[in-house]
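Novice: Below are the sequence and a predicted model; questions follow.
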Amino acid sequence: MASLLKQIKKIFKSNKKTTTAPAAAAKPVVAAAPVAAVAAVAPAAPVLETPIAKVSEPIHPENTHANHTFAALTKSDAQLAALANHKYAKVVSAERVEAAKAGLEKSGFKVHLVNSRGEAFETVKNLIPAGASVNNAHSTTLEEIGFITYLKGETAWDNVHATILAEKDPAKQAELRRTVGSTVDYYLTSMSAVTEDGKLAHADLSGSKVGGVSFGAANVIVVVGTNKIVKDEDEAWTRTNEFALAAESARARDAYGVPASAIVNFEVLRAANPFAPGRIQVVLVNDALGF
């Protein structure tokens, strides 16, 4: 009986080995097939598209004279407060901007129409070649686009304005303004009015500004906001005398401690110089700038 039990156990062990061995051998074959199939038909990983970078407006240096903008002066100067919402402080319609641009070009001025202060800054910077001598009239507009701040740093130009201000003797400084200040390669300024029929108008007290613009400088760059566009020459005088003078007087009271400014010289440029038609370039900025 005992030997019979041993034989039965032996047979059972033998059957267990023969039934499990093939399964063990077949397992990797069966397992490998589905894996290979999945690998063959698995979809490719999704490709993530890089978003297109939004083109931002050019930046410009900070205005270090922010207290002398028109908006700031209307808050700090009681005499100017009544003009805070004046029409001459606001940009005009697109149709009037196009009319002024066309008028200026018909008068022989080269016009660069830009849409922001940053664009204005970059345009002016790119118009002046390295090594050129540069001077500027006082201009709230040039301050607002950051160009005066930029001029005070390292540039590729000869900053004549800095040389003039470095001279502390009043008589010698005045002589520098009359000579090298008015005869630079590039004179930078703004205007108090631009007419729809293509005229430029501005004023000053000493004459140093109108002198450099009218003839002295080899090249002139005028930066002007579209809030300064008026119908004609008569309105150019109205805007200059009734609006720009009031704002400049407010600035003078704060900057120099005087009662007011004054219009001693008033100049209208009706057309470009026929002997130097490209001499004056106008950067027309679709924004409210200066006064």
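Specialist: Received, thanks. Numbers count the residues shown, from 1 in each chain.

Novice: Pull the number of nearby residues for the residue nearest to Ser116 when sequence neighbours are not counted.
Specialist: With sequence-adjacent residues excluded and distances taken as C-beta to C-beta, 6 or more residues apart in numbering, Ser116 is closest to Glu57, at 4.9 Å. (Glycine included, C-beta is placed from N, CA and C.) For Glu57, the count of nearby residues is 11 (other C-beta atoms under 10 Å).

Novice: Please apply the same query to Thr179.
Specialist: Thr179 has 11 neighbouring residues, counting by other C-beta under 10 Å.

Novice: Please apply the same query to Ser182.
Specialist: 22.

Novice: how close does it get to Val220?
Specialist: 11 Å (C-beta to C-beta, to the nearest Å).

Novice: Which neighbours do those two have in common?
Specialist: Gly212 (C-beta atoms under 8 Å, 6 or more residues apart in numbering).

Novice: Quick one: the helices in the stretch 151-291 of the chain, in order.
Specialist: For the stretch 151-291 of the chain, the helices defined by DSSP state H, counting those that start in this stretch cover 160-166, 170-178, 208-211, 233-238, 245-256.

Novice: among these, which is the most enclosed?
Specialist: helix 208-211 (a mean of 21; mean count of other C-beta atoms under 10 Å).

Novice: got any ranges where this protein has weak pLDDT?
Specialist: 1-56 (pLDDT under 70).

Novice: got the residue ranges for the strands in it?
Specialist: Using DSSP state E, the strands found in the chain span residues 110-114, 133-136, 158-159, 186-189, 193-195, 200-204, 219-225, 229-230, 265-269, 280-285.

Novice: Tell me the helices and strands packed up against the fourth one.
Specialist: Yep, that's strand 186-189 we're talking about. The contact analysis (3 or more C-beta pairs under 8 Å, 6 or more residues apart in numbering; DSSP states H and E) places strand 186-189 against strand 133-136, strand 219-225.

Novice: wait, which of those strands is closest to Val124?
Specialist: Ranking the helices and strands packed on strand 186-189 by their distance to Val124 (criterion: C-beta to C-beta) puts strand 219-225 first, at 5.9 Å.

Novice: Give me the helices and strands touching that closest one, please.
Specialist: Looks like strand 219-225 contacts helix 117-127, helix 140-144, strand 186-189, strand 280-285 (3+ C-beta pairs under 8 Å, 6+ apart).

Novice: Cool, thanks, talk later.
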